[in-house]
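In: coords please:
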Amino acid sequence: QVQLVESGGGSVQAGDSLRLSCAASGLPFSNYAMGWFRQAPGKERDIIANIGRSGGSTYYADSVRGRFTISRDNAKNTVDLQMSSLKPEDTAVYYCAAARTFWDIVILTAQEYELWGQGTQVTVSS
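Out: Down below sits the predicted model:
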């Protein structure tokens, strides 16, 4: 069964850190670029970070650059999102997604992602 399962969400205070993890199963993980998206109530789902299949390429949205770090472990089939200096505006449901690629490139459009996790809620209070 092909699936992505996120974990690590929760409720924190502004300024705190949180680490999200996404575990992949049933797919050749190292053939996929991985992305983290988030969707706040009433807003569209936005990409916030992604990483190429080998981990050599990364992308961060301006809103999280310098505060969030994406990483992957192809031996464990996991991709993590380390979030620091969290702000109330980071409150959202966070999703991981997978896009099959032939090269170590980042994928910036949601439509190119084939597989999605169920999401994990992150709530940051002031």
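
In: C-alpha from now on. contacts and neighbour counts both.
Out: Noted.

In: Touching stretch 114-126 from outside, list them.
Out: Identification of contacts with stretch 114-126 by CA atoms under 8 Å, 6 or more residues apart in numbering yields 3-14, 22, 86-100.

In: Which among these count as buried?
Out: 3-7, 9, 12, 14, 22, 86-87, 90-100 (16 or more other CA atoms under 10 Å).

In: Okay, and which of those residues map to helices?
Out: Among those, no residue falls in helices (DSSP state H).

In: Find the residue at the geometric middle of the chain.
Out: Trp36 (2.1 Å; CA atoms, centre = their mean).

In: What strands line up against whichever strand or helix holds it, and which way round?
Out: For Trp36, the host element (DSSP states H and E) is strand 32-39. Partner strands for strand 32-39, per DSSP bridges, with pairing direction: strand 46-51 (antiparallel), strand 92-100 (antiparallel).

In: Put together a markdown table for those, with mean pLDDT and distance to Asn74 on each row.
Out: Output for these, formatted as a markdown table (pLDDT from 0 to 100; distance: least, CA to CA, whole Å):
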| stretch | mean pLDDT | distance to Asn74 |
| --- | --- | --- |
| strand 46-51 | 96 | 12 |
| strand 92-100 | 97 | 13 |
